[in-house]
Every structure is written in C-alpha cells, then in structure tokens.
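J.: Generate a structure from the sequence data that follows.
(chains A and B)
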Protein chains: 2
Amino acid sequence: MPDQGTMSNATRSETYAPLAAAMTETAEAVSARLSDLIPPVSEPEGRVLDAMRYSALAGGKRLRPFLVTHSAALFHVSPSAALTVAAALEMVHTYSLVHDDLPAMDDDDLRRGRPTCHKQFDEATAILAGDGLLTKAFEVLAGPAAHSDPAVRCELVWELANAAGGHGMVGGQMVDLMAERGHGGVALDVPEITRMHQMKTGRLITFACVAGPIMGKAPARMRACLNAYARDLGLAFQIADDVLDETGSAQDLGKTPGKDAAAGKTTFVSLLGLEGARERARLLSDQALAHLEVFGDEADLLRAVARYVVERKN
Amino acid sequence: MPDQGTMSNATRSETYAPLAAAMTETAEAVSARLSDLIPPVSEPEGRVLDAMRYSALAGGKRLRPFLVTHSAALFHVSPSAALTVAAALEMVHTYSLVHDDLPAMDDDDLRRGRPTCHKQFDEATAILAGDGLLTKAFEVLAGPAAHSDPAVRCELVWELANAAGGHGMVGGQMVDLMAERGHGGVALDVPEITRMHQMKTGRLITFACVAGPIMGKAPARMRACLNAYARDLGLAFQIADDVLDETGSAQDLGKTPGKDAAAGKTTFVSLLGLEGARERARLLSDQALAHLEVFGDEADLLRAVARYVVERKN
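T.: Numbers count the residues shown, from 1 in each chain, chains lettered A, B, ... in the order given. From the prediction side, this is the model:
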C-alpha cells in the first residue's frame, strides 16, 4: 500500500493546492467579516460579545462559508453580499458548537485545541453567547448588506431558520442525543442515522449551497442541482468524519480519536464497517460531482471540495 | 388606608374589566396560533417540539402579544398578521424564560406553577427547545403570514433580532448575571439598573409596541410615540415587579416572593425604597399615558395597560 499512499499524496497536493489556497482566502475573509459584524464593546454586556467573538473567531475550516461564496460566484452574486451571508451562516454553525459543547450536551472541554466557550468563560455566558450568535445571524441576513432585494433577504432568513430549527439542525441534535442516551429505546439503523445527519449537519450545508442560487435568482433547476450536490456532499462529509474518528491520529484531528466508538455510539463505521463506510463516502462524493455537470469550469473548486471531504485527514 | 384600598379595588374592577376581557381574548388567540405554528410530530425529534409546545403553551399574561395586536389595530393592520407577529415575539420571550430557568442561569424549578422545561424534560432538551423557539420566531416573521410586503418582514426580523441579541435582551441578561455574581465588582446604581432592565425586558416590550406602526407603515412620529410609551411602560412594569417581589403574597404571585431580596440582589426597591419605587412606577405610568395623547379612544386599552402594570397584584 505505500505506493498507493504516495500516489494518493501526489494526487492530493496537485488537486488540492488551488482548493487549499481558496479555502484559506475565504476563511480569512469570513473571519474579518465576523469580526466587523460582532465588534467588542466596553459596556458590561461586553462579556457576552467577547464570548461570541472568542467562538466565532476560533478558526476552523470554514467549509460552509466556502460553499456559500463559491456557489454564489456561479451566479455572479456580489462577493461582499455573499460574504455577509456566509458570516451569518457561520454564526449559526458556531452557536450550535457552543451549545453542543455544554456540560448538559456533549460536555467537551476542548475545541480546535482551545478551551470550549463555557470553559473559557462560564456556562451561563456560553448559553448566552450561543443565543446571541443565533440571534445576530438573523439580524445580519435581514439587513441590506445581505442583499439589495428584501424578498431575497426574507427567503434567506426563512430557509436558514427552517434548516436550523426543530425540523432541521436542532431536531437532528435531539435525535442524536436520544439515540446516544437510549431515550428512543433502540439504536439507529442506516436510514435512521442518515436522516439524523441529514437534519443535524446536512441542512446547514444545503443552505450553504443554495444561498448562491437564491441570491442570484437562479432558475429552479440550477438550485435543484446545487441542492442535490449539497445533500450528497453533506452525507459524504459526515461518513468521512466517522471514518476519521476511527482511523485518524490525534495529531491530524486536533482532538482525541475513537471517542464515538468508546462511547458505544452508532456510527456509519459501526453499521457499515470501515471499508463499507469508505466506499459509501466515495460513492456519495462521485454522485455529488455528477450533480455539478450543468456547470462549467467555474464549479471546479466545488468539485475539488467534493473530493477533498472524503480524502481529508482532519 | 382601608378606604383607599377599597376605592382602588372599585376603580380597578371598573377600569380593568374591558382590559381583562381583551387580554384573555388575545391570550387565547395567541395560544391557538402558537399551537398551529409548532405542531407536534411523531418522529423522534418530536421530543424537542413537545418541549417547545410545553413552554410556549404554558399560558401567562401574554402582555407582549397584547401590545402587538392592540398597537397594530391602531393602524388597521390585518388582525391575523398581527397575531402571527405576536406569536413570533412570544416565542422569543418564551425561549428567554426557558434558558433563564436553566441550572447554569437562575436555576428555577417552577414557572407558573408547573415544572420548568428542564425539570419536565431534561437540561439538553430545554437548551434545544429554547434554541428551537428562537429559530422558529424568525422563520415565522420571514414568512408571508407575518406581512404581505417582504420589506416589512425584513424590518420586523431585523428589529426583533436587534432587540433580542447581545445589545438587547441577551446583553441585559449578561449584565444582570454579572451584577448578581459580582463579576463587575460593584452593585448597580439607578442609571445602571435602569439600563439593564431597558435591555433585558424593555427592548422586547418596545418591539411589541412598534411592530404595529412598522406593519401599518405609519408615519415616523406615530412610531416615536409608541416607542416612548413602550419605554416608560416597560420600566414601570419592571419596577412594579420589584415592588411585588417585596410585597406580594405567594398566592397572588404564583411564585415565592422575596427571592431577590433574599439573594441580596440590587432592585429598584433596594435602591429607592418601597415608597420611592412605587412613586417612580406611577410617574412612568403617567408618562406612558401622555405619549398616547396623539391617539384617540382607540388607544384606551393601551392606556388601561399602562395603569394596570403598576397596580397589578401578580
């Protein structure tokens, strides 16, 4: 297998160099926009804004902002407006991490090698910081910087709220917690775990990919292609996550691997086996690519993302 | 003083009978609308929707919905649209109570005589239910049932998010927690406690009163009058709350009185004394009434509310 490993490394660096540069560029731009949108204040409520900034500016891959800006570019949307929408989405993603890390939820002390929000501040501040980030996201989307047309802004607010709420991310988190704690009585099977991830992480990734066609008032079939791309991409990403949790090194992951397996949690790997899960992720990645056929070279970075999510080491 | 008490009781029943009937009517209508907007589902995520319904349908005075529907009526806004906006605002108010009651925040076991959300379900579910309610509020405001004009819906989303976020309710909650725990080092003085309450509860009450003029596209001066009315009303309400916490009976309040005093918390009563606080509340109530002069008989129920908040027993 060393040959394959070398080849794969060569392919990776060749294919991913432009992607890596583009992802870094988006990550820096969205961090700057987030910092502008959540300025620190000197008044006593500054503590909650500090906590919001601490978590929102902690870095990370910024995959969702990347999908927003690069889907939007296909329809020649204003890059600044796309970045504003990307920042709003990242606020929602960040709030979900802050609340998920709380002692009553996943009880995590570290995220991206730094203390989680409730460890750095305290639990009450972390709850409020999450609430503040979620609220701010909708303020930003409803404001003129997100789009010149109020009808488009309303659609963005509606779609993001629908994706993040009880029938989307919050609902998926509920299902995940119940499965973990046995509230539901039975472990999830493949259709159930697929549905859970589709809700918990898939819906926000879908929003990231359809924000562009919404902002560009693209024809319905274009939006449908990106919607289908996002569904396959999101699931591939999640399955790859389960594989990495099983096979990755602590150094590559920046967190302790094997946590899910140790907790006896049902994952795609526990259901499909390691090779079965890898194969499913590759299949989904190929499907995601097929949905981009309608787009030309302009979608090459979105294609690279679909390959990257299943081959990444962290 | 018994004469004054009797007189005051007579005045109260005379003045407040139409108000009580109107408040009951709004409370029933908003509960029905909330139940429609958050239907139960049989899927596993149903647990979080059950928790959202449990807290949103727990009753209460529904003061904010009343202010929305009756301010909206001044501008002949569609009653159904006003009720939708009122329900969205009540979702935000309810989420704030669910999160405030959490062990890491105020750690309350009872609300309105029933177990708090985290006692009835569990902490994780209560955190998610609060998140779900906050998210749903913006989905509702961005949808066509809130208003036919998307520009108005955007303004409603923006105003509510601004009122509820880090510079509004969430910020006020942060200041309150810091004062309570001595994070800030010093107890609040009158201007500071006024600012804290203006953020923590005042901003949502102001939204309740300006949603009507926003929806009715009323002239700026009309909106300014209702804004000023709301500021005075909100503060009067809060001061009256502090007075009731000191003087009310457990039976009237439906909760244990004296909790703030026992916790050594700074209140308007601890700063101004009981008579000083009562006098301040009455003054603010009179000011609130003065801001309604521009409106005719149609604002009589809003006038009655301003009197009611400082004379209520619970």
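J.: A:Ser35 reaches A:Arg53, doesn't it?
T.: Yes: the pair A:Ser35 / A:Arg53 is scored as a contact, 7.1 Å apart, by C-beta atoms under 8 Å. Where C-beta positions appear, they are placed from N, C-alpha and C, glycine not excepted.
J.: Comparing the two, which residue is more hemmed in?
T.: The residue with more neighbours, out of A:Ser35 and A:Arg53, is A:Arg53; 18 against 14, by other C-beta atoms under 10 Å in any protein chain shown.
J.: Can you say which helix or strand has the more buried one in it?
T.: For A:Arg53, the host element (DSSP states H and E) is helix A:46-56.
J.: ditto for A:Glu90
T.: Per DSSP H and E, A:Glu90 falls inside helix A:79-100.
J.: Contacts for the helix or strand that that helix is followed by, please.
T.: Downstream of helix A:79-100, the next assigned helix or strand under DSSP H and E is strand A:110-111. With contacts defined as C-beta atoms under 8 Å, 6 or more residues apart in numbering or on different chains, strand A:110-111 is touched by A:Ala58, A:Leu97, A:Asp101, A:Thr116, A:Lys119, A:Lys255.
J.: could you redo the last one with a cut-off of 7 Å?
T.: By C-beta atoms under 7 Å, 6 or more residues apart in numbering or on different chains, the surrounding residues in contact with strand A:110-111 are A:Ala58, A:Leu97, A:Asp101, A:Thr116, A:Lys255.
J.: quick one: the helix or strand following that strand to chain centroid distance?
T.: The helix or strand immediately downstream of strand A:110-111 is strand A:114-115, counting by DSSP H and E. Mean-position distance between strand A:114-115 and its chain equals 20 Å (C-alpha atoms, centre = their mean, to the nearest Å).
J.: quick check: mean pLDDT across the helix or strand following strand A:114-115?
T.: Heading C-terminal from strand A:114-115, the first helix or strand you meet, by DSSP H and E, is helix A:117-120. Average pLDDT, helix A:117-120: 97.
J.: hmm, back to that, looking at the contacts of strand A:110-111, state which has the most neighbours.
T.: The contacts of strand A:110-111, ranked by neighbours (other C-beta under 10 Å): first place A:Thr116, 24 neighbours.
J.: Let me see the residues that make contact with the helix or strand A:Leu156 falls within.
T.: Using DSSP H and E, A:Leu156 maps to helix A:150-164. Helix A:150-164 is contacted from outside by A:85, A:89, A:92, A:138, A:141-142, A:146-147, A:168-170, A:203-204, A:206-207, A:211, A:214-215, B:135-136, B:138-139, B:142-143, B:150-151, B:153-154, B:157, using C-beta under 7 Å, 6+ apart.
J.: List the buried residues for that helix?
T.: For helix A:150-164, the neighbour count (16 or more other C-beta atoms under 10 Å in any protein chain shown) marks A:150, A:152-164 as buried.
J.: May I see those arranged in TSV, with distance to A:Arg221 and pLDDT as well?
T.: Below are the buried residues of helix A:150-164 laid out as TSV (distance: C-beta to C-beta, whole Å; pLDDT from 0 to 100):
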residue	distance to A:Arg221	pLDDT
A:Pro150	25	98
A:Val152	19	98
A:Arg153	23	98
A:Cys154	23	98
A:Glu155	17	98
A:Leu156	20	98
A:Val157	24	98
A:Trp158	21	98
A:Glu159	18	98
A:Leu160	22	98
A:Ala161	25	98
A:Asn162	21	98
A:Ala163	21	98
A:Ala164	26	98
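J.: ok, back up a step: from the chain's centroid, how far away is the helix holding A:Leu156?
T.: Counting by C-alpha atoms, centre = their mean, helix A:150-164 is centred 17 Å from the centre of its parent chain.
J.: What of stretch A:47-54?
T.: The answer for stretch A:47-54 is 21 Å, by C-alpha atoms, centre = their mean.
J.: host element of A:Thr135?
T.: A:Thr135 belongs to helix A:123-142, assigned by DSSP H and E.
J.: got the CA coordinates for that helix in PDB?
T.: Below are the C-alpha coordinates for helix A:123-142, written out as PDB (Å, rounded to 0.1, in the frame of the first residue of the first chain):
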ATOM      1  CA  GLU A 123     -21.700  28.000  31.400                       C
ATOM      2  CA  ALA A 124     -24.200  30.900  31.700                       C
ATOM      3  CA  THR A 125     -22.100  33.100  29.400                       C
ATOM      4  CA  ALA A 126     -21.700  30.300  26.900                       C
ATOM      5  CA  ILE A 127     -25.500  29.700  26.800                       C
ATOM      6  CA  LEU A 128     -26.000  33.500  26.200                       C
ATOM      7  CA  ALA A 129     -23.200  33.700  23.700                       C
ATOM      8  CA  GLY A 130     -24.800  30.900  21.600                       C
ATOM      9  CA  ASP A 131     -28.200  32.700  21.900                       C
ATOM     10  CA  GLY A 132     -26.500  35.900  20.800                       C
ATOM     11  CA  LEU A 133     -24.800  34.400  17.800                       C
ATOM     12  CA  LEU A 134     -28.000  32.700  16.600                       C
ATOM     13  CA  THR A 135     -29.900  36.000  17.000                       C
ATOM     14  CA  LYS A 136     -27.200  38.100  15.300                       C
ATOM     15  CA  ALA A 137     -27.300  35.700  12.300                       C
ATOM     16  CA  PHE A 138     -30.900  36.700  11.500                       C
ATOM     17  CA  GLU A 139     -30.200  40.400  12.100                       C
ATOM     18  CA  VAL A 140     -27.400  40.200   9.600                       C
ATOM     19  CA  LEU A 141     -29.500  38.300   7.000                       C
ATOM     20  CA  ALA A 142     -32.400  40.700   7.300                       C
END
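J.: secondary structure element for the residue nearest the centre of chain A?
T.: Geometric centre of chain A, nearest residue: A:Arg64, 4.9 Å, by C-alpha atoms, centre = their mean. Take DSSP H and E as the rule and A:Arg64 turns out to sit in helix A:63-73.
J.: Could you pull up the mean pLDDT of that helix?
T.: Confidence for helix A:63-73, expressed as mean pLDDT, is 98.
J.: Can I get that helix in CSV? Just the C-alpha atoms.
T.: Provided in CSV are the C-alpha atoms of helix A:63-73 (Å, rounded to 0.1, in the frame of the first residue of the first chain):
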residue,chain,number,x,y,z
LEU,A,63,-16.4,24.9,4.9
ARG,A,64,-19.9,26.4,5.0
PRO,A,65,-18.7,29.9,4.2
PHE,A,66,-16.6,28.5,1.3
LEU,A,67,-19.7,26.7,-0.1
VAL,A,68,-21.7,30.0,0.1
THR,A,69,-19.2,32.2,-1.6
HIS,A,70,-18.3,29.7,-4.3
SER,A,71,-21.9,28.7,-5.0
ALA,A,72,-22.8,32.4,-5.2
ALA,A,73,-19.9,33.1,-7.6
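J.: Which of the residues in the helix holding A:Arg53 are classified as buried?
T.: Buried, per 16+ other C-beta under 10 Å, within helix A:46-56: A:Gly46, A:Arg47, A:Val48, A:Leu49, A:Asp50, A:Ala51, A:Met52, A:Arg53, A:Tyr54, A:Ser55, A:Ala56.
J.: is any part of it close to chain B?
T.: Yes: using C-beta under 7 Å from any C-beta of the partner chain, helix A:46-56 comes into contact with chain B via A:Arg47, A:Val48, A:Leu49, A:Met52.
J.: Within the helices and strands, which one has A:Met196?
T.: helix A:190-197.
J.: Tell me the helix or strand right after that helix.
T.: Counting by DSSP H and E, the element after helix A:190-197 in chain order, helix or strand, is helix A:203-215.
J.: where are the low-confidence patches of chain A?
T.: Where chain A drops to pLDDT under 70, the residues are A:1-15, A:181-186, A:250-257, A:261-262.
J.: which residues touch A:Met52?
T.: Counting by C-beta under 7 Å, 6+ apart, A:Met52 makes contact with A:Ile38, A:Ala129, A:Gly132, A:Leu133, B:Gly166.
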